[in-house]
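Chemist: the following comprises the amino acid sequence and a computationally predicted model.
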Amino acid sequence: MLGFASTTSLGRHTTLGLFDREADACRRLVVILVRPSKYDDEGYVIRHFRGTLPSNTLSCLNSLTEDVVRQGQLGDVDVHVEVIDEIVSRVDPVALGRRLRGAGTRVVVGLVGVQTNQFPRAQDLARQFLSEGFAVMIGGFHVSGSIALAPQMPAECREMLDAGVTLVLGEVEDSWGAILKDAVDGRLRPMYNFLGAPPDLRDKPIPRASLRTQGKFVLKGSGTIDAGRGCPFGCSFCTIINVQGRKMRCRSAEQILRQIRENYFLEGRRAGVRHYFFTDDNFVRNPEWETIFDGLIALREQQAIAINFMMQVDVLAPRVTGFVEKAARAGCVQVFIGLETMRDDNLAAVGKRQNKTADYREMIAAWHEVGVVCHVGYIIGLPNDTYTRVMEDVRALRDDLLVDQASFFMLMPLPGSQDHAGAQAAGVPMDADFNNFDGSHAVAPHARMVAEEWLRAYRDAWTEFYGFEAMRQTLLRQNPHTYWAVLKNLIWYRAGMTEHAHPMLTGFFRLKDRTSRRPGLPIEGRVAFLRRRVRETAGQMRDYASIYFEMQELWLLTRIRHSDYEFLGDLRKLASTSMQEAKLNWARVHAVMAERLTAMRASLGPVPSLDRGPLPARLEAMRRTLGNRADAIGQRASAIGAGMGGRADALGHAMGASFASAGRSLNARKATIQAAFADLRLRRLPLVRRRTWMERAASRLNVFSTQRLEAHGHVREYWERTWSSVLRLEFWHVNPVRVACHLARDTRQALIFLLAMRSERY
């Protein structure tokens with residue numbers, strides 16, 4: 001697992017602390033696996049109450065250690081494993097030393113998955129653990145990549161070796177047991193280098209997360225699997241190809257499917273693992289992709305074991321026969337695509353020749369047709385970028401390509417990439433502080449932008465792409481299978497933007513420890529620190545409240561109302577199989593609806609039940625999403641009926657006559673309209689049951705009913721005016737009755753939104 005290119009580091013000096021004893025004195029081995037965080041710009045460790053992106057490397061090392069013990073590779077030594085993700089947990093080496101030291105016990109600390117921006121924090125933790133007498137190992141992309149391409153040992157790596165830290169390069173699936181045996185015997189080497197011998201992954205243990213650690217992340221029922229490693233392409237900014245190689249290696253499909261089935265009924269979790277992130281850098285190049293998808297489809301359709309997953313793919317994925325369609329049927333809800341830029345000259349400059357900007361629109365539409373969300377990675381600061389070009393490209397990304405989400409990164413010459421090796425050879429000045437290599441700082445000069453302009457382009461890209469109207473259009477494009485996930489991702493990204501950090505480095509509710517500050521910076525006094533934290537926490541809660549109401553307003557403007565889709569069946573009864581069918585048919589349904597409504601309006605004029613609320617906007621959004629594919633989809637789907645033209649005209653005349661009839665009730669009109677779409681009904685959804693008069697009365701009395709909720713953007717303006725009046729002490733401008741009414745209504749709607757979001761109901 002790249003993990004141990006990113007995972008452990010036992011010290012070189014076997015005479016340190018616990019290793020003073022004879023090798024046969026070790027009766028208990030404690031393995032501490034730590035994913036380090038990084039420092040913020042003020043020197044405090046970034047940590048959150050709840051995290052968003054768990055570490056696949058931690059899961060890999062956790063399962064590898066369990067496998068080593070299960071196979072008895074360490075003899076009769078008792079092995080205890082502690083998994084700590086500093087993103088969500090405080091790492092206290094002193095406390096661990098007090099708790100774990102004991103006669104016959106040896107402790108080895110693996111600082112795993114260490115990226116370049118985490119390396120300074122990893123160094124500081126390594127020194128602290130060494131002072132407690134623990135052996136320490138460091139692995140990950142930074143040490144593996146930087147040593148792989150450097151003409152001589154990088155200074156920061158030499159510093160760790162001199163301190164007694166073991167460096168682990170490459171993937172350790174074939175060697176983890178031997179490394180731990182060296183730890184037991186007190187003979188850890190200064191460095192283990194497996195870069196030249198990548199392991200065959202077919203029968204290696206599947207990553208398994210620590211339940212205790214996973215419980216500190218927002219998605220508790222989620223897991224990660226690296227089904228394969230490597231990438232065949234040669235992008236100059238990439239480190240993966242120089243650490244994991246350009247030859248694809250993969251786990252066996254049978255093993256992956258078996259683990260997914262076991263995890264679905266995992267003991268110790270209320271509902272097992274239902275959502276996965278396949279962390280492969282390029283899943284479409286995995287030789288086992290079709291077997292994996294076929295297996296997932298069979299699990300879903302034959303055994304009702306329905307999992308969802310996201311994966312990373314390249315822009316050429318839709319050209320692989322059957323890949324997009326099978327991915328959607330297998331449960332793919334989101335793809336992450338390395339788009340990088342909207343300009344061909346920039347693609348050529350970084351060697352990403354497989355991307356062709358002319359293909360982008362059709363590629364995104366292909367994924368949208370089957371109901372899969374498109375999330376793109378985008379680099380700002382490529383050689384030909386200027387501020388003006390960047391902003392033009394971001395608007396095109398949002399308005400022309402219609403991608404659902406984007407993650408922006410400032411270009412970095414990462415150690416282990418050709419960009420970094422070339423910059424070093426050319427003597428290009430680079431930031432000496434690796435903590436800044438996080439995609440949010442200018443760490444090398446740019447040919448066309450000064451650092452301040454470059455940073456402004458980066459920050460403005462986020463605010464431009466994630467504006468209110470852009471998020472509204474994104475949500476209108478979603479189907480019942482993806483709507484709530486996208487809305488929650490938008491909440492996450494908007495919350496991350498308030499911290500002025502990349503959302504992928506953030507979670508929810510920032511935590512700070514007064515003494516966990518970067519060495520060399522002063523430790524604040526308790527009173528000063530408390531004053532600072534009260535002020536910061538108040539600001540954070542204010543930002544969260546603003547985001548909550550912004551997202552509530554978006555929900556009110558874009559929510560999928562089951563009453564608009566009664567012809568499909570009862571959306572309130574969506575189960576895993578019918579949810580999947582809704583996702584796969586959502587684009588088709590809207591393409592047909594748009595065509596038939598056009599014909600109806602020609603005969604009837606406005607269609608009252610379908611010309612209100614978010615539905616017309618959703619129809620337009622879906623048409624724009626599909627682009628040139630919309631007409632073809634509509635024609636294919638219409639063939640299911642009795643011929644589009646005659647059917648639409650006949651329905652139009654019939655509906656006109658029905659509406660013209662005196663005394664026709666609203667229910668009769670609705671039934672006539674729904675007859676126009678009857679052939680679109682989803683097979684696995686039950687028909688909508690007409691409610692009794694008692695149920696309708698109860699619904700009107702239910703204060704938490706969603707039936708009468710409407711968007712009310714003007715209320716925000718009212719609260720802003722009221723708060724401004726209070727701050728100016730102009731209380732005569734504040735009407736207490738209106739305040740009470742607005743407060744009651746807003747509280748009710750906020751609670752309804754919270755309940756709807758938790759239960760993901762429609």
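Modeler: Received it, and whenever you're ready, just let me know what you need. Residues are numbered from 1 along each chain as shown.
Chemist: check which helix or strand covers Val394.
Modeler: Remark: Val394 resides in helix 387-399, with elements defined by DSSP states H and E.
Chemist: avg pLDDT for that helix?
Modeler: Averaged over helix 387-399, pLDDT sits at 96.
Chemist: check which helices and strands the helix or strand following it sits against.
Modeler: Following helix 387-399 in sequence order, the next helix or strand is strand 405-410 (DSSP H and E). Of the remaining helices and strands, those touching strand 405-410 by 3 or more C-beta pairs under 8 Å, 6 or more residues apart in numbering; DSSP states H and E are strand 373-380, helix 387-399, helix 451-465, helix 483-498. Backbone N, C-alpha and C define where each C-beta goes, glycine included.
Chemist: output the shortest one as CSV, nothing but the C-alphas.
Modeler: What follows is strand 373-380, C-alpha atoms only, in CSV (Å, rounded to 0.1, in the frame of the first residue of the first chain):
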residue,chain,number,x,y,z
VAL,A,373,-22.2,13.7,-10.6
CYS,A,374,-19.1,15.2,-12.2
HIS,A,375,-16.5,16.6,-9.8
VAL,A,376,-13.4,18.0,-11.5
GLY,A,377,-9.9,18.8,-10.3
TYR,A,378,-8.7,22.2,-11.7
ILE,A,379,-5.2,23.7,-11.5
ILE,A,380,-4.8,27.5,-11.3
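Chemist: now stretch 421-438: average pLDDT?
Modeler: Model confidence over stretch 421-438 averages 94 on the pLDDT scale.
Chemist: how about that stretch: buried residues?
Modeler: Within stretch 421-438, the residues that count as buried by 16 or more other C-beta atoms under 10 Å are 421, 423-424, 430, 434-438.
Chemist: output the contacting helices and strands for the longest helix anywhere in the chain.
Modeler: Counting by DSSP state H, the longest helix found in the chain is helix 526-558. Other elements packing on helix 526-558 under the criterion 3+ C-beta pairs under 8 Å, 6+ apart are helix 468-476, helix 483-498, strand 508-511, helix 713-727, helix 736-759.
Chemist: now do the longest one and helix 526-558, the angle between them.
Modeler: What it means is helix 736-759. What separates the directions of helix 736-759 and helix 526-558 is an angle of 80 degrees, with axes from the mean of the first three to the mean of the last three C-alpha atoms, to 10 degrees.
Chemist: check which helices and strands helix 736-759 sits against.
Modeler: Using 3+ C-beta pairs under 8 Å, 6+ apart, helix 736-759 sits against helix 483-498, helix 526-558, helix 713-727.
Chemist: what about the first one, distance to the chain center?
Modeler: If I follow you right, that is helix 483-498. Distance of helix 483-498 from its chain centroid, counting by C-alpha atoms, centre = their mean, to the nearest Å, is 10 Å.
Chemist: sorry, back to before: closest one to Ala95 among the helices and strands packed on helix 736-759?
Modeler: The closest approach between Ala95 and any of the helices and strands packed on helix 736-759, judged by C-beta to C-beta, belongs to helix 526-558 at 19.3 Å.
Chemist: in the stretch 151-300 of the chain, which spans are strands?
Modeler: Per DSSP state E, counting those that start in this stretch, the stretch 151-300 of the chain carries strands over the ranges 166-169, 191-193, 222-225, 228-229, 249-250, 275-278.
Chemist: deepest of those strands, which one?
Modeler: Here the criterion is mean neighbour count by mean count of other C-beta atoms under 10 Å, and of those the winner is strand 166-169, at a mean of 27.
Chemist: so for that one, mean pLDDT?
Modeler: 97.
Chemist: which helix or strand in the protein has the lowest average pLDDT?
Modeler: Across the helices and strands of the chain, mean pLDDT, DSSP states H and E gives its lowest value to helix 644-660, namely a mean of 42.
Chemist: ok, back up a step: what residues of the longest helix of the chain count as buried?
Modeler: When neighbours are counted by 16+ other C-beta under 10 Å, the buried residues of helix 526-558 are found to be 529, 533, 540, 544, 547-558.
Chemist: which residues of the chain score low on pLDDT?
Modeler: Residues of the chain meeting the criterion pLDDT under 70: 1-24, 266-271, 603-612, 630-674, 707-708, 710-716.
Chemist: go with 80
Modeler: 1-25, 266-271, 595-613, 627-676, 690-691, 693, 695-720, 761-762 (pLDDT under 80).
Chemist: what's the most buried one of the helices and strands packed on strand 405-410?
Modeler: Scoring the helices and strands packed on strand 405-410 by mean neighbour count under mean count of other C-beta under 10 Å gives strand 373-380 as the most buried, with a mean of 22.
Chemist: that one - which strands sit beside it in the sheet, and in what orientation?
Modeler: Counting by DSSP bridges, the strands paired with strand 373-380 are strand 332-340 (parallel), strand 405-410 (parallel).
Chemist: can I get the ones you listed in CSV including distance to Met363 and mean neighbour count?
Modeler: Converted to CSV, the strands paired with strand 373-380 look like this (distance: least, C-beta to C-beta, whole Å; neighbours: other C-beta atoms under 10 Å):
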stretch, distance to Met363, mean neighbour count
strand 332-340, 8, 22
strand 405-410, 15, 21
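Chemist: dump these into JSON lines; add distance to Phe265 as well.
Modeler: Shown next, in JSON lines, are the strands paired with strand 373-380 (distance: least, C-beta to C-beta, whole Å):
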{"stretch": "strand 332-340", "distance to Phe265": "21"}
{"stretch": "strand 405-410", "distance to Phe265": "31"}
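Chemist: out of those strands, nearest to Asp679?
Modeler: Taking C-beta to C-beta as the criterion, strand 332-340 is the member of the strands paired with strand 373-380 that comes nearest to Asp679, at 26.9 Å.
Chemist: after the closest one, which helix or strand is next?
Modeler: Toward the C-terminal end, the helix or strand that comes next after strand 332-340 (DSSP H and E) is helix 344-349.
Chemist: for that following helix, what is the distance to the chain centroid?
Modeler: Going by C-alpha atoms, centre = their mean, the spacing between the C-alpha centre of helix 344-349 and its chain's C-alpha centre is 27 Å.
Chemist: tell me which of the helices and strands packed on helix 736-759 lies nearest to Asn702.
Modeler: Ranking these by distance to Asn702, with C-beta to C-beta as the measure, places helix 526-558 first at 17.6 Å.
Chemist: quick one, that closest one and helix 713-727 angle?
Modeler: With the same axes, to 10 degrees applied, the angle from helix 526-558 to helix 713-727 works out at 150 degrees.
Chemist: could you check the angle helix 468-476 makes with helix 526-558?
Modeler: If you take the same axes, to 10 degrees, helix 526-558 sits at 60 degrees to helix 468-476.
Chemist: and the host helix or strand of Arg588, what's buried?
Modeler: Arg588 is located in helix 576-604, with elements delineated by DSSP H and E. For helix 576-604, the neighbour count (16+ other C-beta under 10 Å) marks 576-597, 599-600, 603-604 as buried.
Chemist: look up how far Arg510 lies from Leu530.
Modeler: When distances are taken as C-beta to C-beta, to the nearest Å, Leu530 and Arg510 turn out to be 15 Å apart.
Chemist: Serialize the helices and strands packed on strand 405-410 to CSV and add fields for distance to Glu171.
Modeler: Shown next, in CSV, are those (distance: least, C-beta to C-beta, whole Å):
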stretch, distance to Glu171
strand 373-380, 23
helix 387-399, 35
helix 451-465, 33
helix 483-498, 30
